[in-house]
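K.L.:
predicted structure and sequence below. I'll ask about it afterward.
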There are 2 protein chains.
Amino acid sequence: MNISQAAQESGLSAKTIRYYEEIQLIAPAARGENGYRQYDRKAVEELRFLAHARDVGFDLEESRQLLELQRDRSRQSRHARDLVMEKSQKLQQRIEQLVAMQAELLAMASRCLGDEGPDCAILENLAAGQEGGE
Amino acid sequence: MNISQAAQESGLSAKTIRYYEEIQLIAPAARGENGYRQYDRKAVEELRFLAHARDVGFDLEESRQLLELQRDRSRQSRHARDLVMEKSQKLQQRIEQLVAMQAELLAMASRCLGDEGPDCAILENLAAGQEGGE
DNA sequence: CTTGACCTTACAGCCACTGGAAGGTTTACA
DNA sequence: TGTAAACCTTCCAGTGGCTGTAAGGTCAAG
């Protein structure tokens, strides 16, 4: 299977697959006689694993660790669980941050007429010297 | 006022202030005899405005637009409101995405024993070929 | 035999900074 | 007066996770 097929089946782009190979996140793909990269079912499974790990919020380093666990037959599921719980907490914090930002945006908008005039609670608010947010 | 004082009062780092000047987000600062950048109250206000805009989620281009509105005496508050509402919607989508990711993480973790054994619902889950998420 | 769709490498660019090097200036203190 | 620390300056490189583009090789269809 060539790279664009592997891309389609894994949900990654061909570019991204080459990039993952370059940074040694995955093993170098086998090559056909023409020099094209060749992917088998197992390789595509790893790509899909990575795509999914990225989807739920892991960065490449964490995805690498998860993939190593996946490959390791003598792994301890505790390690995977730890990674997930840590990520979950980070995500929780990020969500709370965004919710706060969102609340402030809506609060500002609610006090702005949004008409043809120059008076604007939003701009006043941004100009005001309050801390907080992101 | 020197740059580090301006940084402290605005909530930006000195590095960031220089960067904002470089990309022409703010006007070049006045310079003292020694070549040091000098900031007055008005300059600090603009910096604080930018810091706050970034805090609530605007990117630099949007912050630039907001700052231009702030400077423009003949502005229409509608423009500011539009920017805020658009950002709010984007933020809303992002929050929903993160919440979904978070839910999937917790769902995976709940089915993983997290012990010394290799069996792990998390890894099985990531390996399974489901779409969705981010 | 050409066209177009694929593949290859290599390098630049994106965002919004941050870090560090190498040097000039100012301030505090012994 | 000397000097050390704390400022300031510019310039360049690096971050993450790709994406875009250029310049070229390969392959299948008509």
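P.N.:
Received it, and whenever you're ready, just let me know what you need.

K.L.:
C-alpha only now, for contacts and for neighbours.
P.N.:
OK.

K.L.:
what's around the closest residue to residue A:10 other than its chain neighbours, how many residues?
P.N.:
Using Cα to Cα, 6 or more residues apart in numbering or on different chains and skipping the chain neighbours, the partner closest in space to residue A:10 is residue A:48 (4.4 Å). Look at residue A:48: counted by other Cα atoms under 10 Å in any protein chain shown, it has 24 neighbours.

K.L.:
in this structure residue A:48 contacts residue B:124, no?
P.N.:
No. In this structure residue A:48 lies outside contact range of residue B:124 using Cα atoms under 8 Å: 11.7 Å.

K.L.:
before we move on, back to that, and the gap between the residue nearest to residue A:10 and DNA strand D?
P.N.:
12 Å (Cα to the nearest atom of the strand, to the nearest Å).

K.L.:
so that residue is in which element?
P.N.:
helix A:41-55 (DSSP states H and E).

K.L.:
dump the helix or strand following that helix to PDB, restricted to CA.
P.N.:
Reading on from helix A:41-55 to the C-terminus, the next helix or strand found by DSSP H and E is helix A:60-71. Taking Å, rounded to 0.1, in the frame of the first residue of the first chain, the C-alpha atoms of helix A:60-71 are listed here in PDB:
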ATOM      1  CA  LEU A  60       3.600  13.800  20.000                       C
ATOM      2  CA  GLU A  61       5.800  12.900  22.900                       C
ATOM      3  CA  GLU A  62       2.900  11.500  24.900                       C
ATOM      4  CA  SER A  63       1.700   9.600  21.800                       C
ATOM      5  CA  ARG A  64       5.100   8.200  21.400                       C
ATOM      6  CA  GLN A  65       5.000   6.900  25.000                       C
ATOM      7  CA  LEU A  66       1.600   5.400  24.500                       C
ATOM      8  CA  LEU A  67       2.700   3.700  21.300                       C
ATOM      9  CA  GLU A  68       5.700   2.300  23.100                       C
ATOM     10  CA  LEU A  69       3.300   0.900  25.700                       C
ATOM     11  CA  GLN A  70       1.200  -0.600  23.000                       C
ATOM     12  CA  ARG A  71       4.200  -2.300  21.500                       C
END
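
K.L.:
next one: whichever helix or strand comes after helix A:60-71, is it in contact with DNA strand D?
P.N.:
Stepping forward along the backbone from helix A:60-71, the first helix or strand reached (DSSP H and E) is helix A:77-110. No. Contact of helix A:77-110 with DNA strand D is not found when judged by Cα under 7 Å from any atom of the strand; the minimum separation is 12.3 Å.

K.L.:
packing partners of helix A:77-110?
P.N.:
In this structure, helix A:77-110 makes packing contacts with helix A:60-71, helix A:121-127, helix B:77-110, helix B:121-127, judged by 3 or more Cα pairs under 8 Å, 6 or more residues apart in numbering or on different chains; DSSP states H and E.
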